[in-house]
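Engineer: Here's my sequence, what's the structure:
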Amino acid sequence: MFFFKKSKIIFFCLLVVLATQLTLPVLAASGYPVNPWGDEDKKNKIQEITGLDERDPRGIAASVINVALGFLGIIAVGLILYAGFKWMTAGGSEDKITEARKLLVAGVIGLIIILAAFAIANFVLTQLIMATA
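Structural biologist: Purely as a prediction, here's the structure:
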């Protein structure tokens, strides 16, 4: 039951981060028209305001990957901090220290995998954009 509570919190945090990242162009827009869909005779259309007509799909994919890997990195660092806290409050109990050590190793391995995935994705997307631009 505890796992479901954790997964709900993680899902909610991911939803908040993604919603924030996706709405930044809208919040930063200036000259927002009264009619958000725009009229044919007006220059300010919703596509121009949000930047959707100017953004490259590869750039959007890179942003989504960066946000997802950043969120996973935050989770891995939180796991490492939790393992350290658990180790410090173990009170000399070998069972608790062993459990905390396993969590710490898992968090460090996860962080290494996330950083490697970030480096690989960054390299591949950079090369893709340079080759097709």
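
Engineer: got a list of what Ile74 touches?
Structural biologist: Ile74 makes no contacts at all, as judged by Cβ atoms under 8 Å, 6 or more residues apart in numbering. Backbone N, C-alpha and C define where each C-beta goes, glycine included.

Engineer: quick one: it and Gly91, what's the gap?
Structural biologist: Distance of Ile74 to Gly91, given as Cβ to Cβ, to the nearest Å: 29 Å.

Engineer: Same question for Asp56.
Structural biologist: Separation of Asp56 from Gly91 (Cβ to Cβ): 55 Å.

Engineer: More neighbours: these two, which one.
Structural biologist: Between Asp56 and Gly91, counting by other Cβ atoms under 10 Å, Asp56 is the more crowded of the two (11 against 7).

Engineer: residues near the closest residue to that one other than its chain neighbours, how many?
Structural biologist: Ranked by Cβ to Cβ, 6 or more residues apart in numbering and with sequence neighbours excluded, the top spatial neighbour of Asp56 is Ile129, at 7.6 Å. Using other Cβ under 10 Å, Ile129 is surrounded by 13 other residues.

Engineer: ok, now how distant is Ile129 from Ala117?
Structural biologist: 18 Å.

Engineer: what does Arg58 give?
Structural biologist: Arg58 is 18 Å from Ala117, by Cβ to Cβ.

Engineer: go on, Tyr82?
Structural biologist: From Tyr82 across to Ala117, the span is 22 Å (Cβ to Cβ).

Engineer: cool, and Ala133?
Structural biologist: According to Cβ to Cβ, Ala133 stands 24 Å off from Ala117.

Engineer: for Ile10, same thing?
Structural biologist: Distance from Ile10 to Ala117, by Cβ to Cβ: 18 Å.

Engineer: Which helix or strand lies directly C-terminal to the least confident helix or strand in the chain by mean pLDDT?
Structural biologist: Within the chain, confidence by mean pLDDT, DSSP states H and E is lowest for helix 46-50 among all helices and strands, at a mean of 62. Using DSSP states H and E, the helix or strand that follows helix 46-50 in sequence is helix 57-88.
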